[in-house]
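Student: Predicted model and sequence follow; I will ask about them next.
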Amino acid sequence: MAVEYIHHYHPEQARPIKKLALEVDNIQVRHSNRVILQGVNLALEEGTYACLLGESGSGKSTLLAAIAGMLKPSEGIVKLHGEMVSSTQGHWLAPEKRGIGMVFQEPALWPHMRVLDNVLFPLKSRGMVPDRQRALALLEKMDLPAATAERRPHELSGGQRQRVAIARAIIARPRLVLLDEPLSALDHSIREEIRTFLRALFREEGITALHVTHDPEEAFDLGTRIGFLGAGRLAQWDSPEGVYRCPATETVARLSGPVRFLPVMVTAVDAGHAHLSVSKDSLRVPAHPELRPGPALLALRPEAVLCDSESGARATVIRAQWSRGRYLLELELPEGDRLLSYSATGRMGIRYLKIRPEDAWCLPPETELTAEETS
Amino acid sequence: MAVEYIHHYHPEQARPIKKLALEVDNIQVRHSNRVILQGVNLALEEGTYACLLGESGSGKSTLLAAIAGMLKPSEGIVKLHGEMVSSTQGHWLAPEKRGIGMVFQEPALWPHMRVLDNVLFPLKSRGMVPDRQRALALLEKMDLPAATAERRPHELSGGQRQRVAIARAIIARPRLVLLDEPLSALDHSIREEIRTFLRALFREEGITALHVTHDPEEAFDLGTRIGFLGAGRLAQWDSPEGVYRCPATETVARLSGPVRFLPVMVTAVDAGHAHLSVSKDSLRVPAHPELRPGPALLALRPEAVLCDSESGARATVIRAQWSRGRYLLELELPEGDRLLSYSATGRMGIRYLKIRPEDAWCLPPETELTAEETS
Amino acid sequence: MKQGTALFTGLVLAILVLAPLLLIGAEAFQPQPSSSPGAVSALQSLGQDRYFWEAFGGTLRLAGLATLFAIPVGLGIALLMNYAPPPARRLWEPLVLVPFLMPPYLTAVAWSLLAGPMGLIQQNMHALGMPLESFLYSLSGMAAVMALHLSPLSYVLLRAALGNSDPALFKAARIHGAGAMRAFATAILPGILPAMAAAALLIFLASAEEFGVPAVLSSYTGIRVLSTTVEEAMNVWPVDLPRAAAVGLILSLLGFVAWALYRPLAKDNRGQVGRRESTPCWWSLTPILAFVLLATLLPIGAIIAVSLEKAITAGFHPANLTWRHYGHILSSGSSAFLALRTSILLSLSVAIGTMLLALLSATVVHRGGAGSRWIDLLATLPNAFPGVVLAVGLILFWNAPWNPLPLYGHLAILGVAYATVTFPYAFRHARTGLSQVPTVLEQAGRVHGASPFGVFWRIRVPLAWPLLIGGATVVFALSMRELVTSLLLQPPGVQVISTYVFNQFQQGNMGDGMAMSVIGVLSSALILGLARGTLQR
Amino acid sequence: ATLVVYSSAPASLARQLAAAFEKKTGDQVELYTASTGKVMARLAAEAARPHADVVILADWTAGLALAKDDMVFPYHPAALATLLRKPLQLAGPFLPLGADTVSIVMNTQALPKGATLPDDWFALTAPEWRDRLTMPNPLLSGTASDFVLAFVDEYGAKAWQYFSALKANGCIWPGTNHASLQPVEMGERSGMVAAVGHTALLAKLAGNSLELIHPKSGMLLIPRPIMIMKSAANRPLAEQFVDFTLSKDGQELVAKSLLLPARKDVTPDSVWPNLDKLHFLPVHWDAIASQRTSVLARFRKEILGQ
Ligand SMILES: Nc1ncnc2c1ncn2[C@@H]1O[C@H](COP(=O)(O)OP(=O)(O)OP(=O)(O)O)[C@@H](O)[C@H]1O
Ligand SMILES: Nc1ncnc2c1ncn2[C@@H]1O[C@H](COP(=O)(O)OP(=O)(O)OP(=O)(O)O)[C@@H](O)[C@H]1O
Ligand SMILES: [Mg+2]
Ligand SMILES: [Mg+2]
């Protein structure tokens, strides 16, 4: 039931369709007999940078482990560059033969090797020339000077370790790189630098990446495709704007940025739009294709709510947070519902709200379906 | 040379000055004889939630370790609630007697204990009643159901582990809690929930917190005070808006959100403002108190640059990133300098820029001073 | 590949361990030679044997006490060496290990030289002499002597485990209100529990099977143990192989029980590999010095004193001193010198070979799977068998008319015997070492292009290295001093240190024997010190 | 050709005999030396595929045990037997290589105050020897078990009373012969009951203050058997070796190692007193071998108290 919306706002989107670097076909993965993933499908064109979001514990790391060959899916197929690497018919390619680079959620550096040797390992283990210069250059680009290369991992800070792990994952120019929250231990400026660096490097060398993150900002910045894992399945697989503006589920909406929901009653649906009313205003808002008249959720991002006007629904500011040159306000409606809005001032007290219907999104109420129940 | 600006926009700011929960006075800390921190001063009023930002490797974790008593500063004083706990005159209070709660950068859960026992440990070790109910309620609030409490740490996902570590840090109602990037492994929605939860809990119970993060968003949301660690020292200690709008150094500016710098020539300084010209426009912008006429840096956040106008300086969009309901554009000026700006559309091509002087900030060029050099 | 290694190690282990044990088992079901025709098997007749049960109880108590003494001592030293190492740690470590290099028999002799009625202590410090003597000649005294001698074993295992524990866990406990002790119990102890269990298992079985100490001390105490029971069956004709085998089987049953108790502890280990630097600490010299004094300097000193005496009864005074014994041994070409050389070469090759095999087996067990539990058990059992019995089993197997490998009668049989006897030690070390490597580090290796073999050599082995070296040194030390199987298995025309010493003690020159012991102990200490100093991280 | 010899004779003696034989005949001798118990155990374990051609033991009854198991090839040529010393002219399938004594050893420097050397077994139950004596455990030492058997055979109930009295007097049984001699050498104990002669004399020659006592009621003479195994591959060579050890040259070597030579025309080493003046307990070897189990069981129960 993954929903695809087509948006052509991203320059990469215009390229002709390329060969698939990664196909995951209907896999099921278990951990000690609990089903963690169920019926996950994924196809990644060569050269794509895809980001995967999902609640903590939704199985993102597990999916990467299955792709890397650290776990054997109990059902389904994994193909890399057209080659079947895992199936229930007995296909199996050992992890070291898959030609993958990976950054683990913990840095997982080998404590007995110097930083440089950690980085050079993928080259050595594949019998390639251990190119010291390239390793040092990579480290340098990630703000790790040559002196650091001689240290042991335990002498580095958390973020430094994570950067070493990134260098290790890409040194051997793998065709597919899996990254499990690689930047989550880094500060804002280095993170931006590494993002720029990764983006350039991956595009240049045509590397395909699947990047797990919990930061939607990061996902939208890096990813040309965004996936959402929820309830053991891929809930959405879409472009950044598609995901942000037209989330397939309530969870996807929450995960992709600040949002609040209003329970509403949809009176009619036409041409992808829903008719409903909020605080006595009648609105026509874009809607989920599966939405039917009846109870529904109105997802309102802060930019869909204007609060600096002089008229509209009355609400109280209950929290004002400084956010990138503006204030993010949390507002409480008289009925107790809460909304978010941006404002130039952080002033507390009463505001009057207006909803911009074109920025709102109406979707069916979430039905709780967990992987356990479906299996 | 830490700069203090007084802004009274935050409700907490209005309270009368309270007793100090934590004082760090001019400490120096070394790791295997390398000076990591030098002359760091910090004072935290009781009940404050302070956030600490800094480049990766700048010594944030080291500072927390010194406060917690895991490292002995080689110089300087640490006081907790008025009591001297560490000094070069031989004062030393063992870590377990400092009454601190702490969340580590890696979760550091005890692998042989169930989750629940991990959480109850601080109570048991201090001889308090192991309050199962409270532990379960805490876990519940962090979206960890009772079933999880019976599992072992290695059966949890990275984010689940981190939440357990948070529960462990606060269960014993410590008067000071140190948090080392506690939320960096969490997804957006749970992160927001836990933030809300932490904010409420800490305020309710009057807990003082020192929270290390690399996410300025998070720091601005949670912290009533923000500190910046750089070059082994505290570069700034200020309110969120102060830090964002009036960063003391280039690094602070970078770490606290998206920013670009233009090298400018300041012709005159008056009443905290600098006179300068950008692309032939003369501007008067707020400036750093130590700024003197001469070469300087003009820090421009995206909101200080308008690009949807029909006239102004010509620039080319080189990257458009979807960010919270708008596009973050990277623009290149003919001279090669780059600027950021928000726009409603992600259209590539030519734009005309206008600078809003009241949102710009002028600061002296950074002089590279590292801890090693000062010691 | 996986099946290949599993099959290979299974096969080698079956030959090395299982075959001799099976033959011994078969022997235990023979009737005793002195009994009437058609009598019950030796194993069954043990059931009604009062002497046997008494010895069984004695063994349990002695081995239990020895374990109880040796573990805390080993742990204490390991803690000091790890967290508050004395200055010049490299110097102290070999001294701590020396007691393990001495044959237990010799340690016992040394202590009766020291604390006996006419011993050095009695002569010099009267007040201390009497209580010390009555302590030495008691169950606890025997256990203490065994523990002095086995503590280094627990030290080696625990030290390596401590070095690998995660300091962040300890910090977390300290900050959350636990004092240093409690934090240790919370954060460090569970991590080293597998190593502790392994050490306890090894020490318990080693002291249950040990003959030397009871042989020297038990006659004074009147405590009977199973190993002396075996000796009775084997030393006086008609030689009663079935009875010895039956007792051996019972001891192996004890080994099985100990193993079953140990297993759950070993399984639950989550790997942590961290490092920490620690600063030298002067005060920790005191306890370490005390141990070195008690376990190394005093006994070695007593033995050296005797080895320098012309006549033992004349006591230690200038007129009675001579270098003659040393001169005799070190004159190249003498039988003593040949024995020394044989021992060193043999022990070195056994240390390397056995450790490799142990590493392979531990890998198979670490991976889990059908056969792993059996390998784990097999690797434990030789430890429970008294040396004599095991040696008989080795003869029965390697000398069987149907055995195509003509090792018996060749020097290699001693290598095989040492490998069998020391395998449990090597295996425990390898196993503990491997179980401390976090899986994610291995996964990272696989993903980045290393084959399982590559991961094995480049990641697992280096991370387990301290324990592998620890294991190899233990194997080396045990081989250098192994007596009982050497006595029974040495091919005609070959001697090793221990048999040379034994022959000298029995019917030759005590001084030569003591001198040879000193040289043996010191040369293995030297080799060990070098190995640990240069090969460990 | 190669001859495999298992020996529990003193290692140096065995080596000298082998070397001399090799020199004389050009054949090769492969020598395995260990204590009697270990040699016996090895023989038993090798039963399925024996290796030894010639076996030299330290204990006559051990030889009888092997003979009883039908492992010995009878070699007892009359020509050799008549050359033997009188007490060693024993019937059986093998010959003695030499003999040793079992008697009392005293450390003259570790005597209780005012005590003089005892002159008989029975003198040792006197109070002055309280806690001053050791004796090898007959359950662990072949020579000690022979002594107990012969003593019981000779004295009957009086022997059992004697052992009980020793025990009451604080005598201990530390184990093998060697283990029991050690406390005496160290001076922890003054004397050892049932000590093997030549080890004590060896120590004495090295300068130790040990004295061999000849009890007036008789010491035990234990012949040391040399036998050819049934399984011997090269029997003539084995016979040649036995002949050599009993030749005058061979016996000189035996004498030099402080054992008593078997041939009467070779004189023992000078540390030995004149053998003819010594009194020996009469021993019925076959009889005591058959009583072994019951006597040892009684000893274990009544004396060792187990
Ligand atoms: N070894 C294991 N045994 C049993 N359950 C496990 C194991 N590892 C993970 N799980 C469970 O599987 C689920 C998915 O875990 P996974 O680590 O893939 O989550 P994730 O999406 O990566 O989360 P996070 O963002 O917090 O890292 C979780 O519910 C977790 O508790
Ligand atoms: N045990 C150690 N030995 C030597 N140097 C160390 C050690 N631990 C940390 N350092 C160094 O000290 C500096 C500060 O480390 P710290 O862990 O405090 O950084 P941090 O600010 O917490 O960084 P991050 O945000 O990446 O966690 C780093 O340069 C690091 O390399
Ligand atoms: Mg994860
Ligand atoms: Mg840190």
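Tutor: Arrived safely, thanks for sending. Ligands and ions are numbered 1, 2, ... in the order given.
Student: any idea how chain C splits into domains?
Tutor: Using automatic domain parsing, the domains assigned to chain C come out as C:2-30+C:328-536, C:48-305.
Student: mind putting the ones you listed in CSV, mean pLDDT and distance to chain D included?
Tutor: Heads up, the C-betas are built off the backbone N, CA and C, glycines and all. What follows is these, written out as CSV (pLDDT from 0 to 100; distance: least, C-beta to the nearest C-beta, whole Å):
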stretch, mean pLDDT, distance to chain D
domain C:2-30+C:328-536, 84, 4
domain C:48-305, 80, 3
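Student: Could you export those domains as JSON lines, including mean neighbour count and distance to residue B:220?
Tutor: JSON lines is the format used below for the domains of chain C (neighbours: other C-beta atoms under 10 Å in any protein chain shown; distance: least, C-beta to C-beta, whole Å):
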{"stretch": "domain C:2-30+C:328-536", "mean neighbour count": "21", "distance to residue B:220": "34"}
{"stretch": "domain C:48-305", "mean neighbour count": "21", "distance to residue B:220": "27"}
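Student: for residue D:220, phi and psi?
Tutor: phi -100, psi 130 (degrees, to the nearest 10).
Student: residues touching it, list them.
Tutor: D:101, D:102, D:103, D:146, D:147, D:150, D:151, D:194, D:280, D:281, D:283 (C-beta atoms under 8 Å, 6 or more residues apart in numbering or on different chains).
Student: Beta-bridge partners for it, please?
Tutor: Counting by DSSP bridges, residue D:220 forms beta bridges with residue D:102.
Student: next one: the one 4 residues further on
Tutor: In this structure, residue D:224 has the following beta-bridge partners (DSSP bridges): residue D:98.
Student: count of neighbours near it?
Tutor: Using other C-beta atoms under 10 Å in any protein chain shown, residue D:224 has 27 other residues around it.
Student: my read: it touches residue D:95, true?
Tutor: No. Under the criterion of C-beta atoms under 8 Å, residue D:224 is not in contact with residue D:95, lying 10.0 Å apart.
Student: Please identify the helix or strand for residue 160.
Tutor: Here I'm looking at chain A. When secondary structure is defined by DSSP states H and E, residue A:160 falls within helix A:158-170.
Student: let's do chain C instead
Tutor: Per DSSP H and E: residue C:160 is located in helix C:139-163.
Student: That helix and chain A, are they touching?
Tutor: No. Interface with chain A: helix C:139-163 contributes nothing (C-beta under 8 Å from any C-beta of the partner chain), its closest point being 11.0 Å away.
Student: Show me what the helix or strand bottoming out on mean pLDDT in chain D is packed against.
Tutor: Least confident helix or strand of chain D, by mean pLDDT, DSSP states H and E, is helix D:177-186 with a mean of 83. Counting contacts by 3 or more C-beta pairs under 8 Å, 6 or more residues apart in numbering or on different chains; DSSP states H and E, helix D:177-186 is packed against helix C:104-115, helix C:212-221, helix C:497-507, strand D:95-107, strand D:133-134, strand D:191-196, helix D:197-205.
Student: Starting from the fifth one, tell me the next helix or strand along the chain.
Tutor: Using DSSP H and E, the next helix or strand after strand D:133-134 towards the C-terminus is helix D:142-155.
Student: Can you pull the poorly scored residue ranges out of the stretch 51-200 of chain A?
Tutor: Of all residues in the stretch 51-200 of chain A, none has pLDDT under 70.
Student: Just give the number of residues close to residue A:343.
Tutor: Using other C-beta under 10 Å, residue A:343 has 19 neighbouring residues.
Student: Which residues lie in contact with it in this structure?
Tutor: Residue A:343 sits next to A:307, A:308, A:320, A:326, A:327, A:329, A:351 when contact means C-beta under 8 Å, 6+ apart.
Student: List the contacts of the helix or strand that contains the third one.
Tutor: In this assignment (DSSP H and E), residue A:320 forms part of strand A:313-323. Applying C-beta under 8 Å, 6+ apart, the external contacts of strand A:313-323 come out as A:278-279, A:281, A:307, A:327-334, A:338-339, A:342-343, A:346-354, B:217, B:220-221, B:240-241, B:244.
Student: so is the closest residue to ligand 3 within chain C in a helix, a strand, or just coil?
Tutor: Among the residues of chain C, residue C:440 lies nearest to ligand 3; the distance is 11.4 Å by C-beta to the ion. What DSSP: H, G, I helix; E, B strand; the rest coil gives for residue C:440 is helix.
Student: Equivalent analysis for residue A:77, please.
Tutor: strand.
Student: Now the nearest residue to it once chain neighbours are set aside, what are its backbone angles?
Tutor: Leaving aside its chain neighbours, residue A:77 sits nearest to residue A:25 (4.1 Å; criterion: C-beta to C-beta, 6 or more residues apart in numbering or on different chains). The phi and psi values for residue A:25, taken as degrees, to the nearest 10, are phi -120, psi 100.
Student: Please apply the same query to the one 5 residues further on.
Tutor: For residue A:30, the backbone dihedrals are phi -120, psi 150 (criterion: degrees, to the nearest 10).
Student: What's opposite it in the beta bridge?
Tutor: residue A:35.
Student: Select, out of the domains of chain C, the one closest to residue D:27.
Tutor: Comparing those against residue D:27 with C-beta to C-beta, the closest turns out to be domain C:2-30+C:328-536 (14.0 Å).
Student: in the stretch 51-200 of chain C, which spans are helices?
Tutor: Taking DSSP state H, counting those that start in this stretch, the helices of the stretch 51-200 of chain C run over residues C:89-101, C:104-115, C:120-124, C:126-136, C:139-163, C:167-175, C:180-183, C:189-209.
Student: between the last one and helix C:212-221, how big is the angle?
Tutor: Between the direction of helix C:189-209 and that of helix C:212-221, the angle (axes from the mean of the first three to the mean of the last three C-alpha atoms, to 10 degrees) works out to 70 degrees.
Student: do helix C:189-209 and chain A meet at all?
Tutor: No. Remark: helix C:189-209 sits outside contact range of chain A, by C-beta under 8 Å from any C-beta, the gap being at least 15.2 Å.
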